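>>> Task: produce atomic coordinates for the following.
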Amino acid sequence: MNIAVENMVDDFEDGDASIPETKGRVGAWYAYGDDSKDATMTPAGDFMPSDCGPGSSAYCAKFSGSGFADWGAGLGMDFDNPGNKKKTYDLGEFKGIAFWGRSDKSTVFRFVIPTSDVVPVADGGSCVDSGEADQECKNGAGQSIVLTKEWAQYTVPFADAIPDETWGQQFSFDTAKAMGIQLQFSAGMDFEVEIDEIGLYRAADLEPGATGGAGGGTDDSTDDSTDTGAGTE
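Model prediction:
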C-alpha cells in the first residue's frame, strides 16, 4: 500500500524529531519509560532518526531498551502539539494507520492511538484518574503487533483498535479525538525495533491498484504486503 504524501505522518527523511507540518499536524517524537533502576533505552534523551529503513529510505525510527520492571517503555508522537499543549486531531477521513517495521528480536508491542478520553487533563485530555486500578488513565486503544526480521508493511485498522482489557478506563476508539501515536513495550521486555513510513490510509488506498506517492523508499511495496504480521489482541 502506498500512502499519499500529504497523509504521511512521518517518513523520518528530514532527519529530525519533528513530524512534517502537513494538514494541520505539528508535533515531535519522544521516548519514555518507567523509573526502574537498571533500565536502559536508546535513545535515552532527545529522539533522532537512525540510518535505517526499507528500500531506498535513508532514515527510520530505531528504539531499543531493557530492564523496565514496572510498566515498561515507549516511543510516541503527538498529532497536534506546537510545544505548549496537546490537542485532538480528527482522523475521521481515514480507515487506519500503515507503517513499515522490522526487529532482530521478533518483538511484540502495542501500537496505540491515544485519544482525549484516556489522556490526563494535565496533558490536554479529559481523563481523570481516581486512583483505582480500573480507573487509570492512558489506556489507549490499539493493536498488538509482532515484528519479524525482514522489513514488512503493517496496518492498524481503526475498526480493530481496542484498549487493553486488563487495566484502566475502557473507551472505544473515537477518530475525532485522536491525539497521537505510541509504541508501547511491556515490563520485562528486551526490545529493539525499527519503524518507518508511518501514514494514514483511506478506504480507497485498500483497493487493488491504488497508488499514492509515498515518501522515502517503500522497498517495492505492493498491496500483498498489507497486514503482514499484524494481529489483534
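>>> Please make it C-alpha for all contacts and neighbour counts, starting now.
Fine.
>>> residues in contact with the residue lying closest to Gly72 once chain neighbours are set aside?
Closest residue to Gly72 apart from its sequence neighbours, by C-alpha to C-alpha, 6 or more residues apart in numbering: Ala187 at 4.0 Å. Contacts for Ala187 (C-alpha atoms under 8 Å, 6 or more residues apart in numbering) come out as 67-73.
>>> By neighbour count, which of those wins?
Among those, Ala73 has the most neighbours (other C-alpha atoms under 10 Å), with 28 neighbours.
>>> Run through the residues that contact that one.
Neighbouring residues of Ala73 by C-alpha under 8 Å, 6+ apart: 31-34, 65, 184-187.
>>> Just the buried ones among the residues you listed, please.
With burial judged by 16 or more other C-alpha atoms under 10 Å, the buried subset of the contacts of Ala73 is 31, 33, 65, 184-187.
>>> Strands - which of the residues you listed land there?
In strands, defined here by DSSP state E, the members of these are 31, 33, 65, 184-185.
>>> partners of whichever strand in the chain runs longest, with directions?
What stands out as the longest strand in the chain, according to DSSP E, is strand 191-201. According to DSSP bridges, strand 191-201 forms sheet pairs with strand 8-10 (antiparallel), strand 61-66 (antiparallel), strand 96-102 (antiparallel).
>>> got the ones you listed as a markdown table, with distance to Val146 and mean pLDDT columns?
Shown next, in a markdown table, are those (distance: least, C-alpha to C-alpha, whole Å; pLDDT from 0 to 100):
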| stretch | distance to Val146 | mean pLDDT |
| --- | --- | --- |
| strand 8-10 | 21 | 98 |
| strand 61-66 | 15 | 97 |
| strand 96-102 | 9 | 98 |
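>>> quick one, helices of this protein?
Read by DSSP state H, the chain holds no helices at all.
>>> All the strands of this structure, in order from the start?
Using DSSP E, strands in the chain cover 8-10, 29-33, 40-42, 61-66, 73-78, 96-102, 108-113, 141-146, 152-157, 180-185, 191-201.
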